[in-house]
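Colleague: Task: produce atomic coordinates for the following.
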Amino acid sequence: MIVRVARLVFGLAVAAALFLAAGELLARVLDVVDRLNGYDRFVYRRGPSVDLPYLLRPGVETTVFGTPVRVNRLGLRGPEAEPRPRPGVHRVLVLGDSVVFGQGLSEDEALPAALERRLGATGAGPYEVLNAGVQGYDAVAEVRLLETLDLAPEIVVVGTSLNDYDVAPQYSPLGILTRKDLDRRAPSLTDRSEFLTLLRWIGGYLRGQLGSQLMARAPGFPPPVALTEAGRGVARLVEQMHLRFYHDPEPAYWNRLRAAYADFARSAAEHQVRLLVAIFPESYQVGRPDPDLTPQRRLLEICGEAGLRCLDLQPIFAAAGGDLFADTQHPNARGHAVAAEAIAAALLGVPIERLWHEPHPLTLGAFTKPPVQRPPFSSLLEWRPSRRRGIEAQE
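Modeller: Take a look at the predicted model:
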């Protein structure tokens, strides 16, 4: 009896091992994970820590979501640049996530290139603007990147997205970017196997936790006959997630965001650079008569705490009007141009209408600085319920 049980267990173990080995082989040969995930893993390389989990890979030229992308030898998107600015050139470093990176846009349409053109057109001197945006970064990763780079900028602009409280994806042993909770960022067994990663994603589908499934259940999502307008469901889902967080922040994530802003201020002071935080709105905050601007108010509060100079771009986008977004979170080329004009005006300390091609009623002082206040409290494959009172995306 014991021998028969032992043989059965051994047979099952061998069958399971063969199944896993065959699945792993097929997953890798057919490149299933990369086909489903949407990210080219070779665009990235491992970073030095869990707070800076990955970097752009220098020298890469590829296509990301249908857009040509090149990474220079400094590890930044765009043309080659020297480690030190040329004499007489004002160097500006722009940090951020996929918004600054210019997801879906050519490098010439993205904010850094638009800002360089706008600054250069003012006659204030030659400017060089470097694109240090990296898809998926949060505020902590952005400040760690600033601490890592040695590029001698005169000015640093931090392009803040409303989801910068979230944790940047981790770089798995397979080079796949995977979102994890703040206290569970260590690699797991599934992170080391493409087949097990695929099975985990299939499990998410069976539980109804894929992005398309959750969007279909989101309020305001269109009926099946209007699936070409699925972006409305995405917008509503993102709006719910982000507003929920800023109305009732989870302390661990909020305190981490506040600490990142304090680190920005410290780093700027240590390196004697001017630093501006530019807060990008999302599409549901523009074109409505009474948008919920709680995220901007919260972010301006922690800007004030840290003594940072901040620019809220929501009024600028609202005044510009028209088509400004490619999707809920990402401005289109026109949105980047509008942001570039406002940021240039703030950096130069001039009214924004001087930079517009025709008179405009909106004006900005140099580096709008909010009053110091304490807060009143101490792509996209797999989406799952999160302890952060929302739903997070698996990239």
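
Colleague: helix or strand for the residue nearest to residue 96 when sequence neighbours are not counted, which one?
Modeller: In space, not counting the residues next to it along the chain, residue 96 is nearest to residue 159; the distance is 3.3 Å by C-beta to C-beta, 6 or more residues apart in numbering. In short, each C-beta sits where N, CA and C put it, glycine included. Assigning secondary structure by DSSP states H and E places residue 159 in strand 155-160.

Colleague: what does the next helix or strand after that strand rub up against?
Modeller: Using DSSP H and E, the next helix or strand after strand 155-160 towards the C-terminus is strand 170-171. For strand 170-171, contacts defined as C-beta atoms under 8 Å, 6 or more residues apart in numbering pick out 44-47, 50, 53-54, 177-180, 185, 187, 191.

Colleague: Put together CSV for the residues you listed, with pLDDT on each row.
Modeller: What follows is these, written out as CSV (pLDDT from 0 to 100):
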residue, pLDDT
44, 93
45, 94
46, 94
47, 96
50, 93
53, 95
54, 96
177, 81
178, 79
179, 75
180, 77
185, 73
187, 72
191, 67
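
Colleague: Can I get the buried part of these as one ChimeraX selection?
Modeller: If you want just the buried ones from the contacts of strand 170-171 in ChimeraX, going by 16 or more other C-beta atoms under 10 Å, the selection is:
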select :44,47,50,53,54,177,178,179,180,185,191
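
Colleague: now, which of the contacts of strand 170-171 sits nearest residue 244?
Modeller: When the contacts of strand 170-171 are compared for distance to residue 244 (C-beta to C-beta), residue 179 wins out at 17.4 Å.

Colleague: gap between the host helix or strand of residue 319 and the chain center?
Modeller: Element membership for residue 319 (DSSP H and E) is helix 314-320. Taking C-alpha atoms, centre = their mean, to the nearest Å, the mean C-alpha location of helix 314-320 is offset from the chain mean by 21 Å.

Colleague: Does anything pack onto the helix or strand that comes right after that helix? Which helices or strands?
Modeller: Secondary structure here is assigned by DSSP H and E; on that basis, the next helix or strand after helix 314-320 toward the C-terminus is helix 333-348. Of the remaining helices and strands, those touching helix 333-348 by 3 or more C-beta pairs under 8 Å, 6 or more residues apart in numbering; DSSP states H and E are helix 111-121, strand 155-160, strand 274-279, strand 309-312, helix 314-320.

Colleague: Please work out which of these is packed deepest.
Modeller: With neighbours taken as mean count of other C-beta atoms under 10 Å, the helices and strands packed on helix 333-348 reach their highest mean count in strand 155-160, at a mean of 26.

Colleague: quick one: strands adjacent to that one?
Modeller: Next to strand 155-160 in the sheet, as set by DSSP bridges, lie strand 90-96 (parallel), strand 274-279 (parallel).

Colleague: For residue 50, grab phi and psi.
Modeller: The phi and psi torsions at residue 50 (degrees, to the nearest 10) take the values phi -70, psi -20.
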